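> pasting the structure only:
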Ligand SMILES: [Zn+2]
């Protein structure tokens, strides 16, 4: 039986600032949130130019003495380097300025150092910008997200994000649309494994996916406001994960497929498609297995200009089939794939029927 009185505890972002030019308000946001005087700004070599320097000057204008560190990769070694910097310089807040890697390193190093972090996304490519999860590469573990904390604040400057390559925005849509199958897997795990299921978190996550499916035709045209729609949906997905206390509302079998493809591409030494691109294609196939309307997912991704086939993902079709047969082993997460996963024949048929391969 469901235990409604069981304790459930979660954290949410305290402040979300979104809009054109909001990056210049970061200093003020830090003052209002009452952070100490020593912030650390993390960025990579590109994002320091397009946003990091603006963040530094906004902080300086408010009397902060910010330090900066350039992030090269999202590895545990990199996290350790940031942790050392935090200790040595008495840092009291970390700002992650960039895409996935920088935000993930900021998130994990801040959590480990027990200080808050601010997410300053420069692209709308996945929901990690607002989620309590982070993807950090460790040598011997399979790639998947680890538990961290949500950002204390998110400052999303739509003017900066609009200048990022369109491919990133399309990938972000794939990550959001994939919530549709993630929630179905969650419901299944609840029914079959009696896993905790939160109706509110599930509804919020599904709503984000529905919004993008409905507006798919408008996103590609670069309609003013499309960046904002995608960014708000990504933030909602992250918040749904915060409320659920796990990545369940936004990560099901389609995410296992994405993690499996990352693993295969890494071993084969070929370039991985973007996270959201893989999840979008995974979601088409998992929706077919759920018996749902997979065509509407495929059509929406197509309208947006996100990949819907192995060819568009620019990977060999044999990798898609291999990923489908191994993805249930990636982590202990009950999904439509069951405990035994798909046979090679079933995987091949699935990819053909959904026209992911031809
Ligand atoms: Zn994702």
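Ah, there it is. Quick caveat: nothing in here was measured; it's all calculated off a predicted structure. Numbering: from 1, shown residues only.
> going forward, measure contacts between C-alpha atoms and count neighbours the same way
OK.
> quick one: average confidence on whatever helix or strand residue 174 lives in?
Counting by DSSP states H and E, the element that carries residue 174 is helix 166-177. Helix 166-177 carries an average pLDDT of 97.
> what residues does the next helix or strand after that helix touch?
Once helix 166-177 ends, the next helix or strand along the chain (criterion: DSSP H and E) is helix 179-193. With CA atoms under 8 Å, 6 or more residues apart in numbering as the test, helix 179-193 has contacts from 195-197, 202, 205-206, 208-210, 237, 248-254, 283, 286-287, 290, 334-336.
> any of the residues you listed buried? List them.
196-197, 202, 205-206, 208-210, 237, 248-254, 283, 286-287, 290, 334-336 (16 or more other CA atoms under 10 Å).
> out of those, list just those in strands.
Taking DSSP state E, every one of these sits outside strands.
> in helices only, show me those residues.
Counting by DSSP state H, the buried ones among the contacts of helix 179-193 place 202, 205-206, 208-210, 237, 253-254, 283, 286-287, 290 in helices.
> from the residues you listed, which is closest to residue 128?
The nearest member of these to residue 128, counting by CA to CA, is residue 237 at 9.0 Å.
> look up how far residue 115 lies from the closest one.
Distance, residue 237 to residue 115, by CA to CA, to the nearest Å: 23 Å.
> low-confidence ranges, the chain, go.
Applying pLDDT under 70 to the chain flags residues 1-4, 139-144, 221-222.
> what residues of stretch 90-107 count as buried?
91-107.
> from those, which land in helices?
Using DSSP H, the members of the buried residues of stretch 90-107 that fall within helices are 100-107.
> which one of these is nearest residue 87?
Once CA to CA is applied, the member of these that ends up nearest residue 87 is residue 106, at 14.1 Å.
> that closest one contacts residue 99, doesn't it?
No - Residue 106 lies out of contact with residue 99 (CA atoms under 8 Å); the separation is 11.0 Å.
> could you look up the SS state of residue 120?
Assigned state for residue 120: strand (three-state reduction, DSSP: H, G, I helix; E, B strand; the rest coil).
> not counting sequence-adjacent ones, nearest residue to it?
Sequence neighbours aside, residue 97 is the residue nearest to residue 120 in space, at 4.7 Å (criterion: CA to CA, 6 or more residues apart in numbering).
> residues in contact with the one you found?
41-44, 47-48, 51-52, 103, 119-122.
> separate out the buried members of those.
Taking 16+ other CA under 10 Å as the criterion, what is buried in the contacts of residue 97 is 41-44, 47-48, 51-52, 103, 119-122.
> same list (these) but as CSV, adding distance to residue 314.
CSV is the format used below for the buried ones among the contacts of residue 97 (distance: CA to CA, whole Å):
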residue, distance to residue 314
41, 35
42, 31
43, 28
44, 26
47, 26
48, 30
51, 30
52, 32
103, 26
119, 31
120, 30
121, 26
122, 25
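> once you drop chain neighbours, what's closest to residue 104?
Distances taken as CA to CA, 6+ apart place residue 134 nearest to residue 104, at 5.0 Å, with adjacent residues excluded.
> so how far is residue 338 from that neighbour?
25 Å.
> okay, the two: which has more neighbours?
Taking neighbours as other CA atoms under 10 Å, residue 134 and residue 338 compare with residue 134 leading, 24 against 14.
> quick check on that one: phi, psi?
phi -140, psi 150 (degrees, to the nearest 10).
> my read: it touches residue 151, true?
No - if you go by CA under 8 Å, residue 134 and residue 151 don't touch, sitting 11.1 Å apart.
> what do the two both touch?
residue 107.
> which residue ranges of this structure form strands?
15-19, 39-43, 67-70, 93-98, 117-121, 133-134, 146-147, 153-157.
> which segments of this structure make up each domain?
15-164, 168-353 (automatic domain parsing).
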